[in-house]
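Asks: Dropping the sequence and predicted coords here.
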Amino acid sequence: MSAGIAPDGPHTGLGGLCEDIRGALEGWVPGMLGVHVHRSVSGPAEVARLVGAVADAAEITVLPSGDGATARAELHAAAAGSSTAAAGRAGTDVRAELVAVRAGCRRAAVALGLRVPVVF
């Protein structure tokens, strides 16, 4: 594992990383925030829309447990990172942005007191 980069999940490539993010959110977002998570995402742009919707929902939802302020901040940072990845501007490391998005979503879940599996 290199400096600051989380280990890969069960999928590979950018599409797999996007699917890891979607799958992780699917585990807790519908029940806690009422946001529907589609069965699949086709790339960084769809991940950006999904994470943005989750961050927006967290702002207007009374979070039942944990540190809501931290969770909201992590989700907003993840939404910003996913937008950067979706834009794909020159010099942007899309994979690194998506890894940071995945980590931010995991930190938000932990801040809410949810159990998050460790992936090796």
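Replies: Ah, there it is. These numbers come from a predicted model, not from an experiment.

Asks: Residue 108 reaches residue 77, doesn't it?
Replies: No. Counting by C-beta atoms under 8 Å, residue 108 does not reach residue 77; the two are 9.0 Å apart. In short, each C-beta sits where N, CA and C put it, glycine included.

Asks: Those two: which has the busier surroundings?
Replies: residue 108 (31 against 19; other C-beta atoms under 10 Å).

Asks: For the residue positioned nearest the centre of the chain, grab phi and psi.
Replies: In the chain, the residue lying closest to the centroid (C-alpha atoms, centre = their mean) is residue 105, at 3.8 Å. Backbone dihedrals for residue 105, given as degrees, to the nearest 10, come out at phi -70, psi -40.

Asks: what sits against it?
Replies: 21, 24-25, 51, 54, 74-75, 78 (C-beta atoms under 8 Å, 6 or more residues apart in numbering).

Asks: In helices, which of the residues you listed appear?
Replies: Among the contacts of residue 105, the residues falling in helices (DSSP state H) are 21, 24-25, 51, 54, 74-75, 78.

Asks: Just the terminal-to-terminal distance for stretch 53-71.
Replies: 14 Å (C-alpha to C-alpha, to the nearest Å).

Asks: So what's the model's average confidence on that stretch?
Replies: Averaging pLDDT along stretch 53-71 yields 89.

Asks: how about that stretch: buried residues?
Replies: 53-55, 58, 63, 68, 71 (16 or more other C-beta atoms under 10 Å).

Asks: what's the most distant pair in those?
Replies: 53 and 68 (17.4 Å; C-beta to C-beta).

Asks: quick one: low-confidence parts of the chain?
Replies: Scanning the chain with the threshold set as pLDDT under 70 gives 1-12, 119-120.
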